[in-house]
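Asks: Got a predicted structure plus its sequence, pasted below:
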Amino acid sequence: TPAPSQTAASAPPRPLANPTIFIPVNRTPEMQEERLKLPILAEEQAIMEAVSENPIVIVCGETGSGKTTQVPQFLYEAGYSSEDSIIGVTEPRRVAAVAMSQRVAKEMNVSQRVVSYQIRYEGNMTEETRIKFMTDGVLLKEIQKDFLLLKYRVVIIDEAHERSVYTDILLGLLSRIVALRAKRHLPLKLLIMSATLRVEDFTQNQRLFTTPPPVIKVESRQFPVTVHFNKQTPLDDYSGECFRKVCKIHRMLPAGGILVFLTGQAEVHAFCRRLRKAFPTRGSRPQEKEEEKDSAEAMRKFKKSRTRARKAQAVALPQINLDNYSVLPVGEGDEDREAEMDEEEIVGSDLDLDLGDSEADGGEQPDVSLPLHVLPLYSLLAPEKQAQVFKPPPKGIRLCVVATNVAETSLTIPGIKYVVDCGKVKRRHYDRVTGVSSFRVTWVSQASADQRAGRAGRTEPGHCYRLYSSAVFGDFEQFPPPEITRRPVEDLILQMKALNIEKVINFPFPTPPSMEALIAAEDLLIALGALQAPPKEERMKQLQVSQLSCPITALGRTMATFPVAPRYAKMLALSWQHDCLPYTIAIVAAITVRELFEELDRPAASDEELTVLKGRRARVAQMKRTWAGQGASLKLGDLMVLLGAVGACEYAGCSPQFCQANGLRYKAMLEIRRLRGQLTTAVNAVCPEVGLFLDPKMQPPTESQVTYLRQIMAAGLGDHLARKVQSEELLDEKWRNAYKTPLLDDPVFIHPSSVLFRELPDFVVYQEIIETTKMYMKGVSAVEVQWIPTLLPSYCQFDGPLEEPAPTYCPETGRVLCYRTSVFYRVGWPLPAVQV
Ligand code: ADP
Ligand code: MG
């Protein structure tokens, strides 16, 4: 149980900041006056009393009430920081960490040597630092190095209402750290700040906080906001609809700033260009050029932190080295979702994706009599440019800020009277089958839409224009569910194991994933070699008492650094060798998109259509064979087809015509290209030394690279191995050409659409099993039996040394014997009895 702070029983072993001290802050009178207007100032006393009496305190208050800027100052003035124990504040977004550290330094009239920030690639910490703003990822990394967080006297988890997975895990960890620190008489204060009153998951959760922490509510001073719904919801072009709405407001409505919510950086830029063209001000052109230059500069800076490609050494023997992953250079991990999205868009623009900018040049006549002060706001925007939005616009000119989701709760822009909300947000989406994450534009939640509307009523009554109907709004989810409940957990479990939390089942999640999800996650991680497999009996015992406690392996640690599902993380970790990364990335991207090929199996309405369909099916089958190739390449099977299709399509410029002619779905191919960009960025973030650049037109892999790729895919799909039932063990006809898998009793078959349908290799790995008339494996790739003990050791059991040199199928025992360094293993799952 968390002990009360500062017990007098024994003297602390080390001097701590003394909260009874008052540190005077030399604010300017203007700043002091501005602060006094903030609602949170009225609660200073209450907050500080709660903090002094409780180890953990929750502060709830509307966006803009002053939580982020003021609470750290309250704590500072009350003496909660000293040379060696400071105040730490986590933000889910980089942009907030940087902007807020600047703002607080300015309010306190001190330099950034005292109020500093730390984000993934940069920071301005000094030995004078007393308040440190950082991303949640940075604090997680620090916990890995110093579990007790001894550097901190106070930790503030800001924006906890977002319920990002990192925030949730940080809270779970901090609940334990606070207790441990109390035991050591080095008390740590934890403040949780939320923009909504929905904090039951923190207060009503006995495992997280044994005594419910006090909740301090900050009264909001909101002016009424009139919400206007669209009669109809635009289907595609919400950006165009936003544009028309802004023009109307600007032309017809009284003075007051406009805030537009869009979803991404490229969209924001295009929108700004269009607005500036329609309502030019003096100097808007050069400003725009400069902004674009800056965003290119930001990207260059990002890229500079990676050095050029290190050529993997060529090895004659095509055998992937399973130990090689440990030499993978691993950079600092700090996930900033927003920044990732922005980077991904820039990668996209290198590939000349259509950024929806085309209509910007036609249409509206510039209206010089109605200038508009247009400013963009998104995560990767240079800090000086971000600061622009807080400055008053030129006299007599209306301000219009075009923002991504950062303006929803992280940053509050003064003087906004009109909000234009497209209703969309770019969110990370997790594919349930592959676990690969990608970014998708989806509807926001009702809570988010209301937050956005609230931005219009900060200084006077305002208006919010929603570009969707009230019926559509009624269908929005009420609150975004905690991220942890809508994603697979294998990767989280892996992350936690990397933090040396072995018994994940005991972890105090604010909202825990289900037991089945946890067990499935551990089983998969064991199969992949990311966790040490306990002996079978031991495992059974563990499951009985719900004790999952397998330690992480070296491979697991490497895998933990990739932001993809463990299966694919393993593939990526192994692909560092022999320049296989671009291919693996392409395959993983293609797998994620799933249906590359058009649906041609549909029933035809007429004979004519049937002829056309038949022709197209034949064409697709032929192309698949071409892409699969011969020999080694054919053995990579359907995964080779994916690679071939992606490569061929890119060579043809990814044109709709090419896709149409070859039965590929054009949208899917564009999506793959986008995902390849994202994955390339992700790999670069993990290992900057690799310096991977996305070349859409990759060269086909060499024959030995194909062999490596087969091994890489087999290693990653390790829990999806199937063995051909040999003719001598046939029980009955239903097992003809069938395969046996560890988990299913029924025979499974290679899907007729697979290029390996007629090949029938002895061992295969598959992407997924679908059930139609039979159980069919899709996405099949052949595995050599001698690879199994090395690549998929969890299927093997030690079977005593034997002299035979080659792995063989043994009909007497019904087992496959695999040979490695004079030791036999057997592929350990039951097979149908042998017919003698
Ligand atoms: P909260 O965290 O509760 O959402 P903040 O502490 O971020 O609120 O903001 C409090 C006030 O400070 C807001 O009115 C906001 O407009 C103002 N503010 C924040 N950053 C700046 C800045 N860089 N320049 C001017 N005003 C700012
Ligand atoms: Mg805030």
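Replies: Now that the structure is in, tell me what you want to look at. What you are looking at is a predicted structure, and each value in this text was computed from that prediction instead of being measured. Ligands and ions are numbered 1, 2, ... in the order given.

Asks: Where does the spatially closest residue to residue 118 that is not a sequence neighbour sit: helix, strand or coil?
Replies: Setting aside the residues directly before and after it, residue 118 is nearest to residue 134 in space (CB to CB, 6 or more residues apart in numbering), at 4.4 Å. All C-beta atoms are positioned from the backbone trio N, CA, C, and that covers glycine. With DSSP: H, G, I helix; E, B strand; the rest coil as the basis, residue 134 sits in strand.

Asks: Check residue 376 too.
Replies: Per three-state DSSP, the secondary structure class of residue 376 is strand.

Asks: which ones are touching it?
Replies: Taking CB atoms under 8 Å, 6 or more residues apart in numbering as the criterion, residue 376 is in contact with 268-269, 272, 291, 385, 401-403.

Asks: which bits of the stretch 251-400 of the chain sit near ligand 1?
Replies: residue 390 (CB under 6 Å from any ligand atom).

Asks: returning to that earlier point: next, work out how far apart the residue nearest to residue 118 and ligand 1 are.
Replies: Distance from residue 134 to ligand 1, counting by CB to the nearest ligand atom, to the nearest Å: 16 Å.

Asks: and if you look at residue 124?
Replies: Applying CB to the nearest ligand atom, the value for residue 124 to ligand 1 is 16 Å.

Asks: isn't that residue right next to residue 116, touching?
Replies: Yes. Between residue 124 and residue 116 there is a contact at 4.8 Å, judged by CB atoms under 8 Å.

Asks: follow-up on the earlier one: which of the contacts of residue 376 fall in helices?
Replies: Using DSSP state H, the members of the contacts of residue 376 that fall within helices are 268-269, 272, 291, 385.

Asks: Least confident of those residues?
Replies: pLDDT across the ones in helices among the contacts of residue 376 is lowest for residue 291, at 67.

Asks: quick revisit: and the residue nearest to residue 118, what's its pLDDT?
Replies: pLDDT, the model's per-residue confidence, is 95 for residue 134.

Asks: That one reaches residue 119, doesn't it?
Replies: Yes. Look at residue 134 against residue 119 with CB under 8 Å: they come within range, at 6.8 Å.

Asks: shared neighbours of those two, anything?
Replies: Residues touching both residue 134 and residue 119 (CB under 8 Å, 6+ apart) are residue 97.

Asks: What does residue 770 show for phi and psi?
Replies: The phi/psi pair for residue 770 (degrees, to the nearest 10) reads phi -120, psi 150.

Asks: what's the closest non-adjacent residue to it?
Replies: residue 776 (5.4 Å).

Asks: On the three-state scheme, that neighbour is what?
Replies: strand.

Asks: for it, what are its contacts?
Replies: Taking CB under 8 Å, 6+ apart, we find residue 776 in contact with 748-752, 769-770.

Asks: Please spell out the ChimeraX selection for the buried subset of the residues you listed.
Replies: Under the burial definition 16 or more other CB atoms under 10 Å, those of these that qualify are selected in ChimeraX by:
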select :748,749,750,751,769
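
Asks: Greatest separation within the contacts of residue 776: which pair is it?
Replies: 752 and 769 (14.4 Å; CB to CB).

Asks: Check which helices and strands the host helix or strand of residue 713 sits against.
Replies: Using DSSP states H and E, residue 713 falls within helix 703-716. In terms of contacts (3 or more CB pairs under 8 Å, 6 or more residues apart in numbering; DSSP states H and E), helix 703-716 is packed against helix 566-575, helix 581-593, helix 631-635, helix 638-651, strand 775-783, helix 788-791.
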